[in-house]
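**Student:** Generate coordinates for the sequence data below:
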Amino acid sequence: PYHISRLTRISNEMVVQAPSFGKIAPKFLKFIGEDPLIIHNASFDIPFLEYHLQKSIQKSIVQPENQKKLLLRNTQHDTLTLARIFLPFQAGFSLVKLAEYFHIEIKQHHRALPDASVAAEIFLKLIEIALHCDFKDIRKIVEILEPSDNSSKNFFLQLVTVLAGAKYHFERILDKESFI
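**Tutor:** Purely as a prediction, here's the structure:
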């Protein structure tokens, strides 16, 4: 569609030779495996991926109704949601605005690999911020998220565990690898 081409600067001519999503879906699922997904704006990307994964799988496999929406069971870390929590003073939360804030260079915006790399770098910066938060504040966020199925809940559960470990075991070093 025109509005998508205008936003992404990706034209139909650029993708006419690309394989259909149905052909790459199995490779995509194998590639992500059970690893956590770092996503910027998960509320847009995940339903989009789920829809197209379901559509491509339905062509080859008849799936019971109760198994719908279970294709992406990976833990999801949404940099948009986390940035809104940890950087509430930001004027904007687009990938570009956050990259500018963290002084991360974007080589090609709206291209899969460069955007994924930038989202990963932003995620690591957000972890650094999170690791310096007060334990009580993070515990309160966990209490608020507990009854929900918010995708960020797992991040904060991990964070409260890491911060609690550091609080009571000072020899433990807080680092990004605790989240990856």
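**Student:** Keeping just the C-alphas, turn the strand or helix carrying residue 161 into CSV.
**Tutor:** Element membership for residue 161 (DSSP states H and E) is helix 153-168. Extracted C-alpha coordinates of helix 153-168, given in CSV (Å, rounded to 0.1, in the frame of the first residue of the first chain):
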residue,chain,number,x,y,z
LYS,A,153,6.0,-8.6,33.1
ASN,A,154,8.7,-11.2,32.5
PHE,A,155,11.3,-8.5,32.1
PHE,A,156,10.4,-7.0,35.4
LEU,A,157,10.2,-10.4,37.1
GLN,A,158,13.7,-11.1,35.9
LEU,A,159,14.9,-7.6,37.0
VAL,A,160,13.4,-7.9,40.5
THR,A,161,15.2,-11.3,40.9
VAL,A,162,18.5,-9.8,39.7
LEU,A,163,18.2,-6.7,41.9
ALA,A,164,17.2,-8.8,44.9
GLY,A,165,20.2,-11.0,44.3
ALA,A,166,22.5,-8.0,44.2
LYS,A,167,20.8,-6.5,47.3
TYR,A,168,21.5,-9.6,49.4
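**Student:** List the contacts of stretch 98-112.
**Tutor:** With contact meaning C-beta atoms under 8 Å, 6 or more residues apart in numbering, stretch 98-112 is reached by 7-10, 40, 79, 83, 87, 90, 95-96, 114-115, 118, 121-122, 125. Bear in mind the C-beta positions are built from the backbone N, C-alpha and C, glycine included.
**Student:** circling back: would you mark the buried spots in the helix holding residue 161?
**Tutor:** Burial within helix 153-168, assessed by neighbour count using 16 or more other C-beta atoms under 10 Å, is assigned to 153, 155-156, 158-160, 162-163, 166.
**Student:** Any idea how far that helix is from the middle of the chain?
**Tutor:** Centroid separation between helix 153-168 and its chain, computed with C-alpha atoms, centre = their mean, to the nearest Å, is 19 Å.
**Student:** Report all helices and strands that that helix contacts.
**Tutor:** Applying 3 or more C-beta pairs under 8 Å, 6 or more residues apart in numbering; DSSP states H and E, we find helix 153-168 packed against strand 76-78, helix 135-145.
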